[in-house]
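> no FASTA, just this:
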Ligand SMILES: [Zn+2]
Ligand SMILES: [Zn+2]
């Protein structure tokens, strides 16, 4: 029997700050080290203090969303000898995401008096690049320790630029970690590319969308979004699309460009936020080197994208109207451009807020989605309340595989065990029940946080 242990380093069973400790034979891995956008200070990080200093051999970074990446500089402070395995695109995007997170923490330190912030310095971001080992998709990496050898392979996971699933092979063990995964192609990215003929004894499964049944197809949702935008602009309103800077914004730019060329949306200014625009350049560069990424920055010119310069936008600012505001964050996290613009436009029935991705129910975005028309909504960080008059819509354009696709993936591979991660309690419950019905002989482990399991 190969000795294998797993411990979820998150603070709670939720999406939170994704991080897993894995011990496979003599090898000690950490998969991702995120930062929870809902928490503040060091509580936003995984429980990294559970790991003894310099005990980690390698960190496997699946992708660059902050809930997987944000704690990496802090983790590496005590694990400075660990290599970070990551895809090439992820190695390019990581410093940009961390620098942005650093800037946000510096701002939060002032605005919300959080003495611990920033949790790392700018020079840490430079320093950790030395630990990076960019790997090619599908290429086996060998790692040696105490005369033992382990193989690690990254596979394209769709989801977002550079996103990877990871296969760990050690003697007879084959552990597959999905990471955040999407099987379908998007406008800018190819879907996951996991060879069908591979056998895995264990699948570590993301469960983000376990609470939601698939309602409609992506193409139909895109058409509904374009119609909603067109109607809003035609009635002279502002249309806010809160979106993740990494991936979602670039994807929507392509959708808007195609729609404009097909005369599906009227001419109007489109505003985009800073980080999303910075990442456009990375998409453009990587698009030149691989056919898994389709993006050309020429579309910014065609769409005449304007950047939103005014930092202090608030409830009373005069905003250009009619216009489209394509801004991060996707969940209207406090103080972000989308949060500020939302505070300005939800009081007017001409306007629309179009959510296009997952919204945690505890974030302002999740709360706005639960607010009934005319009910009062409070922007706590701006100390501003207003009745909700604008139209609020949610479109299913998520970068995560829906639960039906994830189930099929597991059933097709017939592993001995599946380990549920990266989802809230109800999401995991749905998978647990589904698997105990469909695969009664498979072990389903929904790990308690901080507890160590033999797997
Ligand atoms: Zn992600
Ligand atoms: Zn995630």
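Happy to help now that I have it. Since we're looking at a predicted model, the values are computed, not measured. Numbering: from 1, shown residues only. Ligands and ions are numbered 1, 2, ... in the order given.
> buried sites along the helix or strand residue 174 falls within?
In this structure, residue 174 sits in strand 173-177 according to DSSP states H and E. Neighbour-count burial for strand 173-177 flags 173-177 (criterion: 16 or more other Cβ atoms under 10 Å). For every residue, glycine as well, the C-beta is placed using N, CA and C.
> Quick one: list the elements packing against that strand.
Other elements packing on strand 173-177 under the criterion 3 or more Cβ pairs under 8 Å, 6 or more residues apart in numbering; DSSP states H and E are strand 20-24, strand 164-170, strand 202-206.
> Could you pull out the helices in the stretch 1-150 of the chain for me?
For the stretch 1-150 of the chain, helices defined by DSSP state H, counting those that start in this stretch occupy the ranges 66-69, 72-78, 88-111, 122-128.
> With residue 304 as the reference, name the closest of those helices.
Residue 304 sits nearest to helix 88-111 of all these, at 24.2 Å, using Cβ to Cβ.
> so how far is that closest one off the chain centroid?
From the chain centre to the centre of helix 88-111 is a distance of 14 Å (Cα atoms, centre = their mean, to the nearest Å).
> same question, stretch 23-33
Relative to its chain's centre, stretch 23-33 lies at 22 Å (Cα atoms, centre = their mean).
> sorry, back to before: now, which of the buried residues of strand 173-177 sits nearest residue 63?
Ranked by distance to residue 63 (Cβ to Cβ), the buried residues of strand 173-177 are led by residue 177 at 11.6 Å.
> contacting residues for the closest one?
By Cβ atoms under 8 Å, 6 or more residues apart in numbering, the contact set of residue 177 is 20, 31, 60, 62, 165-168, 203-204.
> Which of the helices and strands packed on strand 173-177 sits closest to ligand 1?
The closest of those to ligand 1 is strand 202-206. By Cβ to the ion, the value is 8.4 Å.
> angle of the closest one against strand 173-177?
Interaxial angle of strand 202-206 relative to strand 173-177 (axes from the mean of the first three to the mean of the last three Cα atoms, to 10 degrees): 10 degrees.
> what's the longest strand in this protein?
In the chain, taking DSSP state E as the definition, the longest strand is strand 148-156.
> elements contacting that strand?
Packed against strand 148-156 by the contact rule (3+ Cβ pairs under 8 Å, 6+ apart) you find strand 83-87, strand 140-145, strand 164-170.
> mind listing what the second one pairs with, with the direction of each?
Same thing as strand 140-145. strand 148-156 (antiparallel) (DSSP bridges).
> repeat for the first one
Here strand 83-87 has these sheet partners by DSSP bridges: strand 58-60 (parallel), strand 132-135 (parallel).
> Buried deepest among these, which one?
Across the strands paired with strand 83-87, averaging neighbours per residue (mean count of other Cβ atoms under 10 Å) puts strand 58-60 on top, at a mean of 24.
> Touching it from outside, list them.
27, 29-33, 72, 75-76, 79, 82-86, 131, 143, 152, 166, 177.
> The residue in the stretch 151-300 of the chain positioned nearest to ligand 2 and residue 63: what is the separation?
With Cβ to the ion as the measure, residue 180 is the residue of the stretch 151-300 of the chain nearest to ligand 2, at 4.4 Å. For residue 180, the distance to residue 63 (Cβ to Cβ, to the nearest Å) stands at 6 Å.
> what do the two both touch?
157, 159-160, 163.
> Name only those of those that count as buried.
Here, 16+ other Cβ under 10 Å leaves 157, 159-160, 163 buried among the shared contacts of residue 180 and residue 63.
> could you dump these to CSV with pLDDT?
Shown next, in CSV, are these (pLDDT from 0 to 100):
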residue, pLDDT
157, 98
159, 95
160, 94
163, 97
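> Turn those into CSV, columns for distance to residue 346.
As requested, those are exported to CSV (distance: Cβ to Cβ, whole Å):
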residue, distance to residue 346
157, 35
159, 30
160, 28
163, 32
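> just to revisit the earlier point, thought the residue of the stretch 151-300 of the chain closest to ligand 2 was touching residue 64?
No: here residue 180 does not reach residue 64: they are 10.4 Å apart, not a contact under Cβ atoms under 8 Å.
> how many neighbours does the residue lying closest to residue 148 once chain neighbours are set aside have?
What sits nearest to residue 148 in space, not counting adjacent residues and going by Cβ to Cβ, 6 or more residues apart in numbering, is residue 26, at 5.3 Å. Under the neighbour criterion other Cβ atoms under 10 Å, residue 26 is assigned a count of 14.
> now the one 3 residues further on
The criterion is other Cβ under 10 Å. On that basis, residue 29 has 24 neighbouring residues.
> Grab the nearest non-local neighbour of it.
Closest residue in space to residue 29, ignoring its immediate chain neighbours: residue 22 at 4.4 Å, by Cβ to Cβ, 6+ apart.
> show me where the stretch 351-455 of the chain has strands.
Counting by DSSP state E, counting those that start in this stretch, residue ranges of the strands within the stretch 351-455 of the chain are 352-355, 376-379, 384-387, 391-394, 417-421, 443-445, 452-454.
> Among these, which comes closest to residue 242?
Closest approach to residue 242 among the strands of the stretch 351-455 of the chain is made by strand 352-355 (6.2 Å; Cβ to Cβ).
> Name every strand pairing with the closest one and say which way it goes.
Partners of strand 352-355 in its sheet, by DSSP bridges: strand 238-242 (parallel), strand 391-394 (parallel).
> And it, how far out from the chain middle?
Put simply, strand 352-355 sits 19 Å off its chain's centre (Cα atoms, centre = their mean).
> mind listing what's buried in it?
352-355.
> Would you mind putting these into JSON lines with distance to ligand 1 alongside?
Shown next, in JSON lines, are the buried residues of strand 352-355 (distance: Cβ to the ion, whole Å):
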{"residue": "352", "distance to ligand 1": "26"}
{"residue": "353", "distance to ligand 1": "22"}
{"residue": "354", "distance to ligand 1": "20"}
{"residue": "355", "distance to ligand 1": "16"}
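> that older thread, could you identify which of the helices of the stretch 1-150 of the chain is most buried?
Highest mean neighbour count among the helices of the stretch 1-150 of the chain (mean count of other Cβ under 10 Å): helix 66-69, a mean of 25.
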